[in-house]
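>>> how would this look folded up:
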Amino acid sequence: PDSQLVSYGEMQSQAATVAEGLSSAALEIGKPPIPCIADGDTGYGNAVNVKRTVFGYGRTGMAGIMIEDQVAPKRCGHVAGKSVIPFDEAVQRVKAACDARDEYDSQFGPGTGPLILARTDALKTDGFEAAIERCLAFQKAGCDMTFLEAPESTEQMQEYCRRVPGPKLANMLEQGSTPILSPRELKEMGYTMAAYPLTLLSASIKAMELSLQRIKQGLPTDDIISTFAETKDTVGFTNYAREEQRYKTD
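Predicted coordinates for the structure are as follows:
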């Protein structure tokens, strides 16, 4: 996704799979599903494409969608090579997303449309003041939450929270451009939500590499893996067997 080699259709399909998994897990433990935010990238085209993306993600069950102001193909916010679209076009992109949210609400019921998280990558390309200006304009256009990507100091983070009202997202990417703060510190600063986009992926890569090294060396892996029973519980085998017994015939 962060090189935009993945298309809208592929992302929508994966969003549906994620939503189904969250719904199934919630049913199993008897709790409401965890809301999921999908990355809508640049919206996969012009403003009309943005509206289609919002509707498509909404139909899969996503609770929110992030739309950003990068030029396609977009980049990870913490790597080189980023560029952003002009200010007016960026605002219209966000406005189109917000209009789609509202139209979704009118079609399927109040509160059913995915929340719009409006992201700007202008800090790296155009400077901090330009990024703040975009966040304020996105909020005026109707977004539910702003996201200033890749602030480079706690001072910039504090200034963003002070000057831009409304809900705000912090991106906690280890070894990226932004200082890593605790959830408590982020809340006290004024952030509403924090994303940890690579933490679990990076941890799983490290765990797999360690396991493969143990296997190659002929060493046991029991102390670094979940038990078979724990794995069955996590992936749903235990619940599947229980449900199977409920409907078993003699």
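
>>> Please, where are all the helices along this protein?
For the chain, the helices defined by DSSP state H cover 8-29, 47-60, 87-108, 122-126, 128-141, 154-163, 183-189, 199-216, 228-235, 237-246.

>>> Those helices: which one's closest to residue 81?
helix 122-126 (10.1 Å; C-beta to C-beta). In this view, the C-beta of every residue, glycine as well, is placed from N, C-alpha and C.

>>> Output the contacting helices and strands for that closest one.
helix 128-141 (3 or more C-beta pairs under 8 Å, 6 or more residues apart in numbering; DSSP states H and E).

>>> Is it possible to get the helices of the chain out as CSV so that each row also shows mean pLDDT and distance to residue 174?
Rendered in CSV, the data for the helices of the chain read as follows (pLDDT from 0 to 100; distance: least, C-beta to C-beta, whole Å):
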stretch, mean pLDDT, distance to residue 174
helix 8-29, 91, 23
helix 47-60, 96, 27
helix 87-108, 97, 28
helix 122-126, 94, 18
helix 128-141, 98, 22
helix 154-163, 97, 16
helix 183-189, 97, 15
helix 199-216, 96, 7
helix 228-235, 91, 24
helix 237-246, 89, 32
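
>>> Please name whichever of these is nearest to residue 75.
For the helices of the chain, proximity to residue 75 was assessed by C-beta to C-beta; helix 122-126 is nearest, at 9.9 Å.

>>> roughly how far is the closest one from the heart of the chain?
How far helix 122-126 lies from its chain's middle: 21 Å, per C-alpha atoms, centre = their mean, to the nearest Å.

>>> So which residues make contact with it?
Residues outside helix 122-126 that contact it (C-beta atoms under 8 Å, 6 or more residues apart in numbering) are 69, 77, 82-84, 130-131, 134, 148-152, 156, 177.

>>> Now that we have those, which of them are buried?
69, 77, 82, 84, 131, 134, 148, 149, 150, 151, 156, 177 (16 or more other C-beta atoms under 10 Å).

>>> Closest one to residue 166 out of these, please.
residue 148 (12.1 Å).

>>> mind listing what the residue lying closest to the closest one once chain neighbours are set aside touches?
Distances taken as C-beta to C-beta, 6 or more residues apart in numbering place residue 160 nearest to residue 148, at 5.0 Å, with adjacent residues excluded. With contact taken as C-beta under 8 Å, 6+ apart, residue 160 is in contact with 131, 132, 135, 148, 151, 168.

>>> Please convert those residues to CSV, extending it with distance to residue 30.
Listed next are the contacts of residue 160 as CSV, based on distance: C-beta to C-beta, whole Å:
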residue, distance to residue 30
131, 43
132, 44
135, 39
148, 38
151, 40
168, 33
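
>>> Residue 197 and residue 246, how far apart?
In this view, residue 197 and residue 246 are 39 Å apart by C-beta to C-beta, to the nearest Å.

>>> which of those two has more neighbours?
More crowded of residue 197 and residue 246, by other C-beta atoms under 10 Å: residue 197, with 17 against 6.

>>> And residue 120, how far from residue 128?
Residue 120 is 11 Å from residue 128, by C-beta to C-beta.

>>> Show me which of those two is the more surrounded one.
Ranked by neighbour count (other C-beta under 10 Å), residue 120 and residue 128 place residue 120 first, with 29 against 18.

>>> Report how many residues lie close to residue 153.
Applying other C-beta under 10 Å, we find 12 other residues in the vicinity of residue 153.

>>> do the same with residue 154
Applying other C-beta under 10 Å, I find that residue 154 has 13 neighbouring residues.
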